[in-house]
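Peer 1: Sequence below, structure please.
(chains A and B)
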Amino acid sequence: MDTAATPTSPTGAPFSGAALPAEWRDFFTLTKPRVMTLVIFTAICGVLAAPGSINPVLAFTAILAIAMGAGGSAVLNMWWEADLDKGMKRTMNRPLPAGRMRREDARDFGVFLSGVSVVLMGLAIGWLAAALLLGAIIYYAVIYTMWLKPRTPQNIVIGGGAGAFPPLIGWVAVTGEITAMPLLLFAIIFFWTPPHFWALALFVQSDYAKVGIPMLPVVAGEKVTRRQILAYTLVLAPIAIAPWYIGGTGWIYGSVAVVLSALFVLLAVPVGTRTRAAEGDRMLPEKQLFKFSIVYLFVLFAALVADRVAAYQGWLA
Amino acid sequence: MTPEEEREFIRRRKSRNLVVAGTLLFFVILFYAITIVRIGEGG
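Peer 2: Residues are numbered from 1 along each chain as shown, chains lettered A, B, ... in the order given. Sure thing, here's the model as predicted:
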């Protein structure tokens, strides 16, 4: 993982032409810390909402392993896409395209972080949770990043699957088994991702087309993207309410899920059905939907935790 | 390397070494805590 060339030449001359070692902050940046906040939040929710108890040290370790796995796969994503990142304004200042780090160091760091996360999860928590974590890393770094992202305009849908793993793994870390509830948490994030991301894609100009990534708004057009936003929202709403419907949660989560999902659909209908008026269109419905989608996920998962903690503590009896 | 680059080289290497040392210490403590908890659970 050493990013520096040898500080002395074979002849002993100091630092002849040696590259500077990468800053530790650049390694940290490769792990996509902003994305990781959502990963950690949903993983904590999975741990707290699961039935049963887990020692706080082990709970912390499970969440740490999930965060490390997410970080490791993000590093591998940045390693693989370094050339693409060089061609896009949003990403050209990342450590690799900006030339602040050697590519093989990023690759080694990603593999190391991913490997340690899986072994840590297996030894401290259990091998089912570790297998799911390994599956999530391979899903994001290989199936999504290397294989499907450059090949299909449904790449966001597939990428959403990677983001959906943390609450599932957090839940399984506590219970040791895969049941309907953690699968529903997985499905909520999976179906939430497309309307969230495509709403953003409608009002933010991206450079993806320039580097040959087939994003839906570019490949299929705005009209199809709008229809897909509405379609995924209509699928998301019943899935978000399902944990309450099947008896997995109480009224706290149920009422929040019904209200939030109704609002999500109400905001998605104008986005899904309207056509852009003119060049000067300020895209307010799309911006509203995007902002609301972030609130939606955070509040929904917070309500799930509140509901389950209240039930386990007997406060609702 | 110019003297400025050399100073920067040493500064970066030092800060990275400190981060690695801190991370190792953290994991030593974490593995100790995990071991105690696991032994306490009888696992």
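Peer 1: For residue A:164, which non-adjacent residue is spatially closest?
Peer 2: Counting by CB to CB, 6 or more residues apart in numbering or on different chains, residue A:164 lies nearest to residue A:189, which is 3.8 Å off, once chain neighbours are set aside. C-betas here are computed from N, CA, C, even on glycine.
Peer 1: Let me know the secondary structure of the residue in chain B positioned nearest to chain A.
Peer 2: Of all residues in chain B, residue B:1 sits closest to chain A, at 3.4 Å by CB to the nearest CB. Look at residue B:1: counting by DSSP: H, G, I helix; E, B strand; the rest coil, its state is coil.
Peer 1: Surely it touches residue B:9?
Peer 2: Yes - with contact defined as CB atoms under 8 Å, residue B:1 and residue B:9 form a contacting pair (6.7 Å).
Peer 1: can you list the residues of the stretch 101-250 of chain A near chain B?
Peer 2: A:123, A:124 (CB under 8 Å from any CB of the partner chain).
Peer 1: Quick check, the residue in the stretch 101-250 of chain A closest to chain B?
Peer 2: residue A:124 (4.9 Å).
Peer 1: okay, that residue: pLDDT?
Peer 2: On the pLDDT scale, residue A:124 is placed at 96.
Peer 1: Tell me which residues touch residue A:228, please.
Peer 2: A:194, A:198, A:216 (CB atoms under 8 Å, 6 or more residues apart in numbering or on different chains).
Peer 1: Could you tell me which of the residues you listed belong to strands?
Peer 2: In strands, defined here by DSSP state E, there are no members of the contacts of residue A:228.
Peer 1: Using CSV, lay out those residues together with neighbour count and pLDDT.
Peer 2: As requested, the contacts of residue A:228 are arranged in CSV below (neighbours: other CB atoms under 10 Å in any protein chain shown; pLDDT from 0 to 100):
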residue, neighbour count, pLDDT
A:194, 24, 96
A:198, 25, 93
A:216, 22, 91
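Peer 1: Could you chop chain A up by domain?
Peer 2: Domain assignment for chain A by automatic domain parsing gives A:29-176, A:179-317.
Peer 1: could you dump the ones you listed to JSON lines with distance to residue A:22?
Peer 2: Formatted as JSON lines, the domains of chain A follow (distance: least, CB to CB, whole Å):
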{"stretch": "domain A:29-176", "distance to residue A:22": "4"}
{"stretch": "domain A:179-317", "distance to residue A:22": "24"}
